[in-house]
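*Asks:* Sequence and predicted structure below; questions after.
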Amino acid sequence: MNESRKHQVSLRGASAKEITRDALLAKVNQERELRNYIRRANAAVLLIQRSWRRHHATKTVALRLQQEWETMMSTRVGDLTRMQISSEILRPFLFFVNYLSIRCGKIAARDRDLMISCFSVVLESMTSKDAHQNFCSMAVGSTEERGLWFYQAKKLISICMFILSLFDYSHQVVQDVVLTSIAMRLAVLLTEPKGWNCIASNGRKDANAAVKNLVQFIGSKRSGLYNCIRKFICKLEAPLSSQDVSSCQTDDRFLIVASAITLSLRPFHVTNMDIDDNRIMESAVEQYCVSLLTIPWFPQRLPAILVPALRHQSVISPCLRMLLISKEEVLNEISEIDQLEMASNSNMMPGVSWVLANTVYLATVSDISALDSGKFTAGIDCVTYLRVVILLAENLLASLEKYPRITTQNDEIQVDNDTSADFFLQWGETTCGFSKLSYMDLFRPVYQQGHLNKLLALEKDGSVCGTDKLPSGNQQYSRKCELLDIAYYYSCMLQLFSTLNPVLKSLPILNMLSFTPGFLFSLWGELEKSLFPRKDHITSSRTVSGERSDGLFNRKQKKFVRDTGNKWVSVLHKFTGKSLSETDGMDLVNGHFTQTEEHPSDEWDIELLRQGPEGISKVLSCLLHLFCSSYSHLLLVLDDTEFYDKQVPFTLEQQQKVASSLNTLVYNSLSRNVSSRYRPLVSSAVRCLHLLYERDCRHQFCPPALWLSPGKNNRLPIAVAARTHEVFLAADGPPSLCMGSVITTMPHVFPFEERVKMFREFISMDKESRRLAGEVILPGSRSIEIVIRRGHIFEDGLRQLNSLGSRLKSAIHVSFVSESGLPEAGLDYGGLSKEFLTDISKEAFSPEYGLFSQTSTSDRLLIPNTTARFLDNGIQMIEFLGRIVGKALYEGILLDFCFSHVFVQKLLGRYSFLDELSTLDPELYKNLIYVKHYDGDARELSLDFTVTEESLGKRHVIELKPGGKDIYLTNENKLQYVHAMADYKLNRQVLPFSNAFYRGLTDLISPSWLKLFNASEFNQLLSGGDHDIDVDDLRKNTQYTGGYSEGSRTIKLFWEVFAGFEPRERCMLLKFVTSCSRAPLLGFKHLQPAFTIHKVACDVPLWATFGGQDVDRLPSASTCYNTLKLPTYKRPSTLRAKLLYAINSNAGFELS
């Protein structure tokens, strides 16, 4: 741009330096906002100035009136009329007190003295019989007087409540006690027309009407009465129940508490004034529930003499109805209080938890020492009580889920969240310092027998307890008590106890439910009608189809309870969190298995449960949860005689239905990845299912198809299942309900053969991961070189291998030295290592070696020898044997022995119970059963709580419990003795050895892999199937080399001779060739390398076939290739003789 145009003005009317339109608008808006701000600021200043001037003027007037009022009271002479009291005393007093004290939220010493003076004047006038002098006579006077009285009475009560809210019980200021005491007397007398001496009989109705209006006011939220009482009670430190009643009645502090409770209950008793108006009560009941029932330890803070008033039907019944009918409004208000109070104390329990606890406590007889503890307060509607408790419990459980640190993760599929335990304990502890009760102790009535019996009686009679009727329009709440209500009630209680009672969890409730005659039977009756609609089922909770009546069942059940009711006492601490043992399957019931009719497998897959818990109703889900929790608890103490012979509480046919229902439910819950809100149901179902399955493994009562049925059509492929299982175990955080947990939780839905394949797949995956990690580079690399003397196999193996730990997974290269001291010929490509593992196991597990002994049962199973702990390095040697067994399992090598099921239970992390003692020591088991059922005086048996063991020539006395040598057997403690002795033999005695063996075993085998099997299956995994060889399977999977073929004459002779061997001889031949006497668990097609017969050509004349000289050379074996080197024998007799000689020589390559 040239210089001449630089300063040229635009002809369009705008300078070149003019701002843009948008900038101009922004500037104008900014200036407008500034002007508005200044205008608002000036208005605010004026408002503040006016408010301050008004406050200053009002305060000046209040102070002047206070001074004048004080002067007037000090110079007052004579009695005052009611109008003088109203206009000269109360009018100025209400003004300056409201302004100088209530608005400031505190009471100065001067104001306190003036309040005492005013209240004294009013109280004095109210005791006068002269209507002209009695302030309360204004309530029945002219219309103007009535309005004035009502206004001033409201103000007086508000001031009295303000005084009460500030009063601190712990402060020992005499004047504070006097003021609060006189204020509460005034408030009580204002609301009690019977105390007005001046009212004539013809004015009683008007007095009642005036008080009704006053009570309606104090019951409203606007009065703030219940909030003030709440503040006062929350500051109470100690109840006065320990004081003598007569002294309490004259104590001002007791009268303050009593007056506060009296005022809180005034609206409940307004009907006593001959005025029928439920509207007065509704607001008061709502405020009572919201403000008082949410107080922690509300009844316990009060003197015991006052608690019956809170329990009265006229109080508790309206509260129950209000909580049921107006639940949304009440719960919303409680939630608002929680939000305010949790801001200052984040660890406090939700208000609904205290409404629930206080309701249960007040609606029942909760005295711990009372014989009828657990019964209901007289006259209340038990059905309404049930529904209210269910409502509150559901709300509390829902609120707990909002707090991540207190989310319920109890239960097992095995979940143990210790991080929340301390928080629950903090919740469960008393917070007031005046009681040793815990929060859950307030629910003591719930698990009393009388409580449940009362509810069951109501259900049986089809009636309700009490005569209260719900308001019209709410008849949907008035149906009769049903078993479903009771079940839902206890289901909620179980969840609460499991969450908020971290030590005992739901044990108190389960003890009561499990041993209540007929209860479990009734529950299953309801479930059976839903789950098996097309089957013959129990048509009612009190009728058994066919020959069994309810009376007969109850007699059997009561006998069972009488026999076993105390059984859980002695083993209570052992039951929590532990399951029954798994022992080998016995096809016996009363000596033999009674085969039930075979069902098609789809009949065991319950249709209603195929969608898991999401496919059933909330009611059915509740019933299942309660049934599973209670029955699994009972199964812990139900012995085999009761289960199989007496068939209590169910017949074996019913037990099959229970097992199939739980099997279907759990499988579909896990495979469908259901929501975590179903965790309590699934966890209880898993526990119950495990107990039934383990009992069936020990003593069969279900057909095998039942356990396989749910996964028959949709089981995962083996490789996929194995990888899913590993991913599931490696996942961080709490276990989820998913398909991966099916294998962990219920592996029995996979057939045993598939689980064996899965086990081998786990090992293959482990080997692959080790290869990727560089632990295995090439075949044969990083192998472990050992030299083993034939005469010192165990010592050499222990010295060279025990310190390797998990490195024992690597290949072992074995060089044998014969007993003559010469190295044996041949190379080890795996065969000699198998022979080494087989031989070292045979030597170390021999009873003569001293580390293991045999059980006294006919199958002579192995169990650690208790004297091994006295041997040098005895525990260390047993740990080494665990590694040897782990190595054999890892390499798929079968060993020629089986362990006792009690010992295997420990390796699988399971607890053993009394009935399993029969598999370990039948004689001791028989004696203990004799003691258990001994009818005479048990002291005659001269037993104490000790057991004597003899080892290495010394006797050792071991106490079964602390101080056991001084505790003699009696009829009262004989069940404890039986279970303590069984616990010692089955668990405590073997535990040090099983722990050592487990440490060695798990160096190579993951514990999760072992848990695919029960105890019987573990032994099969270890030692193979039958003690014989399937000749056809071996022949089908045999290879031929060196010129042999399946049609060769010698081969035909071999299979003819082999088939004619005794089973023991066939096993010896297999060991001669492969170094193991057992066939592979899944058949010879899994033998690697394949069984091979190699031709050894020998020159013999043709006439040897007809009786001449046959081949003289012995057969030999190459164990590293599983190869039998067989000469070309011509006659079967020669082949048989040479084979038998070779397999009995216990030599390997020397015969080559």
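*Replies:* Everything's here; your move.
*Asks:* Show me where the stretch 1-150 of the chain has its helices.
*Replies:* Under the criterion DSSP state H, counting those that start in this stretch, helices of the stretch 1-150 of the chain are mapped to 3-6, 21-75, 82-84, 91-97, 109-126, 143-166.
*Asks:* Just put those in TSV and tack on mean pLDDT, distance to residue 1140 and mean neighbour count.
*Replies:* To be clear about C-beta, it is placed using only N, CA and C from the backbone, and glycine gets the same treatment. Listed next are the helices of the stretch 1-150 of the chain as TSV, based on pLDDT from 0 to 100; distance: least, CB to CB, whole Å; neighbours: other CB atoms under 10 Å:
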stretch	mean pLDDT	distance to residue 1140	mean neighbour count
helix 3-6	52	126	7
helix 21-75	92	111	11
helix 82-84	91	128	18
helix 91-97	93	118	20
helix 109-126	92	115	18
helix 143-166	93	103	19
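*Asks:* Distance to residue 355 for those helices - can I get that in JSON lines?
*Replies:* Formatted as JSON lines, the helices of the stretch 1-150 of the chain follow (distance: least, CB to CB, whole Å):
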{"stretch": "helix 3-6", "distance to residue 355": "85"}
{"stretch": "helix 21-75", "distance to residue 355": "41"}
{"stretch": "helix 82-84", "distance to residue 355": "43"}
{"stretch": "helix 91-97", "distance to residue 355": "35"}
{"stretch": "helix 109-126", "distance to residue 355": "34"}
{"stretch": "helix 143-166", "distance to residue 355": "21"}
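*Asks:* Would you tell me which of those gets closest to residue 716?
*Replies:* For residue 716, the closest of those is helix 143-166, at 65.8 Å, according to CB to CB.
*Asks:* where do the helices sit along the stretch 751-900 of the chain?
*Replies:* Using DSSP H, counting those that start in this stretch, the helices of the stretch 751-900 of the chain run over residues 752-772, 793-801, 831-844, 874-891.
*Asks:* As TSV, those with distance to residue 1113, mean neighbour count and mean pLDDT would be great.
*Replies:* Below are those laid out as TSV (distance: least, CB to CB, whole Å; neighbours: other CB atoms under 10 Å; pLDDT from 0 to 100):
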stretch	distance to residue 1113	mean neighbour count	mean pLDDT
helix 752-772	38	17	89
helix 793-801	29	18	92
helix 831-844	21	22	82
helix 874-891	32	22	93
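*Asks:* who wins for proximity to residue 387 among these?
*Replies:* helix 752-772 (47.4 Å).
*Asks:* Helix 874-891 and the closest one, what's the angle between them?
*Replies:* Using axes from the mean of the first three to the mean of the last three CA atoms, to 10 degrees, the direction of helix 752-772 lies 100 degrees away from that of helix 874-891.
*Asks:* picking that back up, any chance of the helices of the stretch 751-900 of the chain in JSON lines, plus distance to residue 68?
*Replies:* As requested, those are exported to JSON lines (distance: least, CB to CB, whole Å):
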{"stretch": "helix 752-772", "distance to residue 68": "95"}
{"stretch": "helix 793-801", "distance to residue 68": "105"}
{"stretch": "helix 831-844", "distance to residue 68": "107"}
{"stretch": "helix 874-891", "distance to residue 68": "96"}
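*Asks:* quick one, which of the ones you listed is nearest to residue 176?
*Replies:* With CB to CB, the closest approach to residue 176 among the helices of the stretch 751-900 of the chain belongs to helix 874-891: 71.3 Å.
*Asks:* quick one: contacts of the closest one?
*Replies:* With contacts defined as CB atoms under 8 Å, 6 or more residues apart in numbering, helix 874-891 is touched by 763, 797-798, 801-802, 804-805, 808-809, 812, 833-834, 837, 840-841, 844-845, 851, 864, 868-869, 871, 893-895, 992-993, 996-1005, 1021-1022.
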